[in-house]
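In: got a predicted structure plus its sequence, pasted below:
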Amino acid sequence: MSVAVSEEGRKAFLNKLVEDFERTNPFAPYERLNTTVPTFDAKLLALVNSGSPQKEVGEDKCTSQTNDSKQGESSKCIGQVIPPIELLDGRIRCGESIIFPNKFPFGLNHAVTVMSTAHYIPIEKFELQHIRDAIRVSVEYIRAIVKLNTETPALWPVLVWNYMPPSAGSIIHPHMQVFVEDMPSPQLAHIIKCGQNWKQSPKQHALAMVNAIKAQNGFVAAAAAGFLSSGTREAKSEEATTIPFHQALIVQEERAGVRFIGRHGCVVALAPFASRGTNEVHLLLPGLSSLVDLADTHITELAHAINAVLHGYNKIGVGSFNMISLSASTSPTESERSSHTLHFKLISRPYPDGLYTNDSGPTERMFDVFVINSLPEKYAPSLKEAWDEYFK
């Protein structure tokens, strides 16, 4: 829980935090970054698809679905120039975003993507290019790693964004982290397995989910049971379905409305009915399963969707957050590709105040019981309003 402080006190602390971090920031200015962070091996750099010509997103047929559900070119996409991928001093760059190996890696192929030359960007000041170019250069790095590891049957890419210290961000300079692992995380493996089970027998699998969690979390069980009883035709069927779980979920949530936030192009935003974090938002990309599937158009629309969530977070007073990707492997099996939907999860963390208690305590860390202080039905309408305002 946060300790109550005045708005002036909060701003003063934040300004001091920014100032203190700036003195030791290893990522800015570029002259300092060039001497403090590692470079990629020449073999990897040779596999980077650099020098791609600039093009208008409109040329890439950026057809986004607007709030009135009409199809057409979104005003958020027209005229946006996607910078080329470039090699710079042993690193990979797209616009202001630069990716390089993590000096202190704690995962396979661990890299850091600096999003901007700015030392600090308030949550409400992020622009499209900060997010879009960081994702673009991260995906290019993942593809180069795949080319470098031709003998590995499947690699598992992960994109993470920790914003501000309460999220476990070690520095405040805006940056993402990229991993390309040789196996999925336990949570991702579980999600993919559940997706495969769903396609085999939706109703049977939904009932199994309810029974499995009933003893541990009655609220989650009730939500799952409600989804089963009022869900889509596919959820009620005893037979196998061609509809992936997340696509069936989108149909149900859009129909129900209370947790549905919005659509933009290839991205659907939902507040999950059983959150694992505060103010949790899921961004789903139906039809895509892996980060390597992302084309420039997808990346632009995804960046807008993320920025729309940040716009909403700012409206409800969020000052720190985590974002993760849940991607199938770089070479998914047909079963993975047809049952898993690439998606991103965002959760808010405590506002950077002088004194606060982190919202991850012993119940979350040791018992896998999550204490959530906001219901999705409460915050989804506020985020939907901000989403609509962003894409107006």
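Out: Yep, it's here.

In: mind listing what's buried in stretch 144-160?
Out: Across stretch 144-160, burial judged by 16 or more other C-beta atoms under 10 Å covers A144, I145, V146, L148, N149, A154, L155, W156, P157, V158, L159, V160. Glycine gets a C-beta too; all of them are placed from N, C-alpha and C.

In: wait, the fifth one sits on P157?
Out: I take that to be N149. No. Applying C-beta atoms under 8 Å, one finds N149 not in contact with P157, separated by 11.8 Å.

In: one step back: among the buried residues of stretch 144-160, which are located in strands?
Out: W156, P157, V158, L159, V160 (DSSP state E).

In: need the residues you listed in TSV with distance to S290, can you?
Out: TSV is the format used below for these (distance: C-beta to C-beta, whole Å):
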residue	distance to S290
W156	9
P157	7
V158	11
L159	11
V160	16
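
In: so who does S382 touch?
Out: Neighbour list for S382: G312, K315, I316 [criterion: C-beta atoms under 8 Å, 6 or more residues apart in numbering].

In: emit the PyMOL select command for whichever of these are buried.
Out: In PyMOL syntax, the buried subset of these is picked out as below (16+ other C-beta under 10 Å):
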select buried, resi 312
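
In: with secondary structure, pLDDT and distance to S275 added, can I get the contacts of S382 in CSV?
Out: As requested, those are exported to CSV (DSSP: H, G, I helix; E, B strand; the rest coil; pLDDT from 0 to 100; distance: C-beta to C-beta, whole Å):
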residue, secondary structure, pLDDT, distance to S275
G312, helix, 97, 15
K315, helix, 96, 19
I316, coil, 95, 14
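
In: is H110 in contact with F100, as I believe?
Out: No. Contact status for H110 versus F100: not in contact, 10.6 Å apart, counting by C-beta under 8 Å.

In: ok, the two, which is more surrounded?
Out: Shown here are H110 and F100; by other C-beta atoms under 10 Å, F100 has more neighbours (24 against 17).

In: how close does R93 get to I131?
Out: 16 Å (C-beta to C-beta, to the nearest Å).

In: neighbour count winner among these two?
Out: Between R93 and I131, I131 has the larger neighbour count (other C-beta under 10 Å), namely 26 against 21.

In: so what's the more buried one up against?
Out: Here I131 is in contact with M115, A303, I306, N307 (C-beta under 8 Å, 6+ apart).

In: for the residues you listed, give me TSV that also has pLDDT and secondary structure.
Out: Formatted as TSV, the contacts of I131 follow (pLDDT from 0 to 100; DSSP: H, G, I helix; E, B strand; the rest coil):
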residue	pLDDT	secondary structure
M115	97	coil
A303	98	helix
I306	98	helix
N307	98	helix
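
In: out of these, who's the most crowded?
Out: Going by other C-beta under 10 Å, M115 tops the contacts of I131 with 26 neighbours.

In: if I pick that residue, what's in contact with it?
Out: M115 touches E96, S97, I121, H130, I131, D133, A134, P174, H175, M176, counting by C-beta under 8 Å, 6+ apart.

In: excluding its backbone neighbours, what's nearest the residue nearest the centre of the chain?
Out: The chain has F344 as the residue nearest its centroid, 3.5 Å off, counting by C-alpha atoms, centre = their mean. Of all residues not flanking F344 in the chain, L283 sits nearest, at 4.4 Å (C-beta to C-beta, 6 or more residues apart in numbering).

In: give me the phi and psi angles of the closest residue to L45 other than its chain neighbours.
Out: Nearest residue to L45, sequence neighbours excluded (C-beta to C-beta, 6+ apart): L87, at 5.7 Å. Main-chain dihedrals, L87, degrees, to the nearest 10: phi -100, psi 130.

In: I'd like the numbering to begin with 325 instead of 1 from here.
Out: That works, and once the first residue is 325, the last one we named lands at L411.

In: R467 versus L411, what's the distance?
Out: Here the criterion is C-beta to C-beta. By it, L411 lies 14 Å from R467.

In: before we move on, what about L650?
Out: 19 Å.

In: thinking again about what came up before, between the contacts of I455, which is nearest H664?
Out: I630 (20.2 Å; C-beta to C-beta).

In: now the strands for the stretch 525-674 of the chain?
Out: 584-588, 591-594, 605-608, 645-650, 667-672 (DSSP state E, counting those that start in this stretch).

In: kindly report the domain assignment for the protein.
Out: Following automatic domain parsing, one gets these domains for the chain: 331-517+564-714, 526-560.

In: picking up where we left off before, take the strands of the stretch 525-674 of the chain and write them to JSON lines, including distance to A370 and mean pLDDT.
Out: Output for the strands of the stretch 525-674 of the chain, formatted as JSON lines (distance: least, C-beta to C-beta, whole Å; pLDDT from 0 to 100):
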{"stretch": "strand 584-588", "distance to A370": "36", "mean pLDDT": "97"}
{"stretch": "strand 591-594", "distance to A370": "33", "mean pLDDT": "98"}
{"stretch": "strand 605-608", "distance to A370": "33", "mean pLDDT": "97"}
{"stretch": "strand 645-650", "distance to A370": "26", "mean pLDDT": "93"}
{"stretch": "strand 667-672", "distance to A370": "30", "mean pLDDT": "95"}
